[in-house]
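> Build me a structure from this.
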Amino acid sequence: MSWKLQDIASQSGRIAIVTGANIGLGFETAAVLAEKGCVVVLACRNLDKAQAAKQQMLKRDPDASVICMALDLSSLKSVRAFAQAFSRSHSQLDLLINNAGIMMPPYALSEDGFESQWAANYLGHFALTGLLLPLLVKTPKSRIVSLSSLAHTWGAIRLEDPNFTRGYDKREAYGQSKLACLMFAYELQRRLSRAGHNTLSVAAHPGVSATNLFQHMPKAVQVFSPLMSLIFQSAKGGALPSLYAALGADVAGGDYYGPGSMGQMRGAPVKVGSNRASRDLTVATALWSLSESQSGVRYLD
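Residues are numbered from 1 along each chain as shown. So this is what the prediction gives:
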């Protein structure tokens, strides 16, 4: 039996944070959560764009409760400031949707000295999750949803050189960041379980969706972007695996959700598998240690 959004009960009284919620998958995920009754925090780098997204959501549902907060995941200072501000003003956190990401930009380092995709897609979310974990674990039935990608198969975790200081390959760097997100989701669930916490860590991927992520793709690919909606799914469709992971009644910790058709590129959301590298326990432990060292955020040791 396929999962349907309309089967989801009211989420009134719950609070959700969605990173990168002003556009694309994040916008659609946040909008649905708001329509279901969640208080939704749009955690975005650009507050003006977040406010514009909020107005769009209120047009869809005038009763929606939406809050805009500044968060630049490529800045550990910004991540800490966001977590402190949220924790001061809220006593619970039901859903953390680690959605924001960038895809295959030109080589750049974050203000903290990390390759931009590693910083924004993965390391910022690792730090954010750790800083918000005290609220999450004390909130009954809370969940953390980490966004991965079919691209998790494109690369490996370069433990000795995650910043690609010796030859940048933007495709491989994107794959590394998305593999790290997936490995993090799995390792986080193992550590939550060992610590006796009931919070669930779940992963999801959108398949191939026609979103703004393609802005850094080669011009030859961008020429065909108008055809994307004919071949692949919309941002609304791409958001469904995240929503299933966040709200599905049959979801278990460590599950991974994606589209069920065309090699996981589109279709209704289902539980999916991932490659062997994503389940390497030795690399997962080393990745966790590296992430703690890089971010300065330690938790669930």
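
> neighbours of residue 4, just the number please.
Residues lying near residue 4 (other Cβ atoms under 10 Å) number 10. In short, each C-beta sits where N, CA and C put it, glycine included.

> next one: phi and psi at it?
Backbone geometry at residue 4, expressed as degrees, to the nearest 10, gives phi -130, psi 140.

> buried stuff in stretch 43-52?
Residues of stretch 43-52 classed as buried by neighbour count (16 or more other Cβ atoms under 10 Å): 43-45, 49-50.

> Now the top helix by length along the chain: buried residues?
Counting by DSSP state H, the longest helix found in the chain is helix 170-194. When neighbours are counted by 16+ other Cβ under 10 Å, the buried residues of helix 170-194 are found to be 170, 172-192.

> any idea of the angle the following helix or strand past it forms with helix 170-194?
Downstream of helix 170-194, the first helix or strand assigned by DSSP states H and E is strand 200-204. Counting by axes from the mean of the first three to the mean of the last three Cα atoms, to 10 degrees, strand 200-204 lies at 160 degrees to helix 170-194.

> what's strand 200-204 packed up against?
strand 143-147, helix 170-194, helix 235-247, strand 256-261 (3 or more Cβ pairs under 8 Å, 6 or more residues apart in numbering; DSSP states H and E).

> What strands flank that strand, and is each parallel or antiparallel?
Sheet pairing of strand 200-204 (DSSP bridges) gives strand 143-147 (parallel), strand 256-261 (parallel).

> To residue 6, which of the ones you listed lies closest?
With distances scored as Cβ to Cβ, the stretch of the strands paired with strand 200-204 nearest to residue 6 is strand 256-261 (17.9 Å).

> pLDDT of the closest one, averaged?
Per-region confidence: strand 256-261 scores 80 on mean pLDDT.

> And for stretch 15-23?
Mean pLDDT, stretch 15-23: 97.

> and the end-to-end length of that stretch?
One end of stretch 15-23 sits 20 Å from the other (Cα to Cα, to the nearest Å).

> Sort out which residues of it are buried, please.
15-23.

> Which one of those residues is nearest to residue 91?
Using Cβ to Cβ, the buried residues of stretch 15-23 come closest to residue 91 at residue 15, 9.3 Å.

> The closest one and residue 38 touch, don't they?
Yes. At 6.6 Å, residue 15 counts as touching residue 38 under the criterion of Cβ atoms under 8 Å.

> Give the residues shared as contacts by these two.
Common neighbours of residue 15 and residue 38 (criterion: Cβ atoms under 8 Å, 6 or more residues apart in numbering): 94-95.

> Tell me the buried residues in stretch 77-87?
For stretch 77-87, by 16+ other Cβ under 10 Å, it's 78-80, 82-83, 86.
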